[in-house]
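Chemist: below: sequence and its predicted model.
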Amino acid sequence: MYVVYEVLLYLVLILALPFFLLMGVLRGKYLVNFPERLGLYRHRPDSHDLWIHAVSVGETLAAQPVVVEIMKQRPGTSIVFTTTTLTGQAQARRLYPEATVTYFPFDFAFAVRRFLRHHQPRAFATMETEIWPNVTRIARERGLRLLLANGRISDRSLPRYRAFRMIVGSVLRKYDRILAREETDRARFVAIGAPPAIVEVSGNVKFDYDPDHAPLEFAPRLESLIAGRNVLVLGSTMEGEDEVLLPELERLLAEHHAFVVIAPRKPERFELVAGLLAMSPLKFVRRSELDAHVGGADVLLLDTLGELAKIYRYATVAFVGGTLVPTGGHNPIEPAAAGVPVCFGPSMSNFREIAQVFLAHEAAVQVRDAGEAIDFAGAMFDNAAMQRAWGERARQTVLQNRGASQRTAQRIVELLA
């Protein structure tokens, strides 16, 4: 089975290589991390207690309270922290200065073995459901203890995992512990081949997110732009959302004395959204050009990374992107933890249980379209008492659902004992 899998990996690499090269030339992607993903490093080998993997920004942020708890329970734990994406790598280097931060190896046997020889971890913890046959098999062969944290099986993934149950089950059986977010996820892990004895419900570590209270670098400039107005933050917007939200923003700004922050999820959309704004009657400024900007603006295009979480402290209301288009949604916890009323669209399959918790506590609103999202913002602008009540319910919902990070850290420390 593993031989067939390895052959298929090489075929995929051969077919995808022209794409990697093109993206590397056009956008600076892939080529910059290619050597490390093959297990080739410039720094000297070193041994580590723990290898933590987080795919991108969201998982990297979610890992932070787990890492803090590990250090409380087992001071001095040495960590090698991997991500897959460039944005995740930047976030990890900012959050974990004491860790060795590098890229997750390609799942070729030779790359995985090079990684393990170079970093020499004793245990491996992956944040969320990352199923890599060679990483799991070879790590287990080398004696690593394995844990899958914050595990989730989405509605979309479940049929695929079931179709390959023999392969997926053989991978999951190599883990010492699988920590599922909720009972539905626990049952799904068992259904695709995980031994029931190793799967437990630990809750969602994303509820343990703690807002960064450090000052925002450009706070004085931003406050000058806001000039006392109500603020709507459109966070992590995706393709297809900015296009339908912008006409509604024109209506909002015509009816309310307000300021808007638009934060596209992907850096490659910064230019596209800037073009959409340039074609609209909205007066906007890009964050990257703010220092040179003279005068006011009604919209800030946040075309930088790592600042959205701190922006939420200025929000009167927030819309969570990736939810008006069928991408599965993004995490509403960041604005909610800041005490901000939150709305999101119908596409929340990636955050199913989080959305259900917020909706059950009347701590967020699920809207059907862009018009309803802007109507919700307008209602918050018009009624300060209602805005405070929604914001406080959102904040309390986050606080009441914490604790998963402590449980996850405890299980990891047990593996290191």
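Modeler: Thanks, I have the structure now.
Chemist: chain center to the helix or strand encompassing F34: distance?
Modeler: Using DSSP states H and E, F34 sits in helix 34-37. Here the centre of mass of C-alpha atoms in helix 34-37, compared against the chain's by C-alpha atoms, centre = their mean, to the nearest Å, lies 22 Å away.
Chemist: surely M71 is in contact with P65?
Modeler: No - contact criterion C-beta atoms under 8 Å: M71 and P65 do not qualify, at 10.8 Å. Just so you know, the C-beta spots here come from the backbone N, C-alpha and C atoms, and that holds for glycine as well.
Chemist: packing partners of the helix holding F34?
Modeler: The criterion is 3 or more C-beta pairs under 8 Å, 6 or more residues apart in numbering; DSSP states H and E, and the helices and strands that helix 34-37 contacts are strand 100-103.
Chemist: one step back: between M71 and P65, which one's more packed in?
Modeler: A side-by-side neighbour count of M71 and P65, using other C-beta atoms under 10 Å, places P65 first with 21 against 14.
Chemist: the more buried one against Y209, yeah?
Modeler: Yes - in terms of C-beta under 8 Å, P65 counts as a neighbour of Y209; the distance is 7.0 Å.
Chemist: quick one on the thing from earlier: would you mark the buried spots in the helix holding F34?
Modeler: By neighbour count with 16 or more other C-beta atoms under 10 Å, helix 34-37 contains the buried residues 36-37.
Chemist: what do you get for stretch 211-225?
Modeler: Applying a neighbour-count criterion of 16+ other C-beta under 10 Å, the buried positions in stretch 211-225 are 211-212, 216, 218, 221-222, 225.
Chemist: give me the subset of the residues you listed that lies in helices.
Modeler: Among those, the residues falling in helices (DSSP state H) are 221-222, 225.
Chemist: tell me the one of these nearest F164?
Modeler: Set against F164, the nearest of these by C-beta to C-beta is L222 (48.3 Å).
Chemist: if I pick Q91, what's in contact with it?
Modeler: Q91 makes contacts with 57, 60-61, 83, 305-306, as judged by C-beta atoms under 8 Å, 6 or more residues apart in numbering.
Chemist: buried ones only from the residues you listed, please, as a PyMOL command.
Modeler: Selecting just the buried residues from those in PyMOL takes one command, with 16+ other C-beta under 10 Å as the test:
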select buried, resi 57+60+61+83
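Chemist: for R156, give me the pLDDT.
Modeler: In this model, R156 is scored at 85, pLDDT.
Chemist: show me what contacts it?
Modeler: Counting by C-beta under 8 Å, 6+ apart, the residues that R156 touches are 328, 349.
Chemist: over to it: give its phi and psi.
Modeler: According to degrees, to the nearest 10, the main-chain angles of R156 amount to phi -70, psi -30.
Chemist: show me where the stretch 1-150 of the chain has its helices.
Modeler: 2-27, 34-37, 57-73, 86-95, 109-119, 133-141 (DSSP state H, counting those that start in this stretch).
Chemist: report how many residues lie close to N383.
Modeler: Look at N383: counted by other C-beta under 10 Å, it has 12 neighbours.
Chemist: picking up where we left off before, dump the buried residues of stretch 211-225 into TSV; add distance to H361 and pLDDT as well.
Modeler: As requested, the buried residues of stretch 211-225 are exported to TSV (distance: C-beta to C-beta, whole Å; pLDDT from 0 to 100):
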residue	distance to H361	pLDDT
P211	19	83
D212	24	79
L216	29	93
F218	34	94
R221	36	94
L222	31	95
L225	33	95
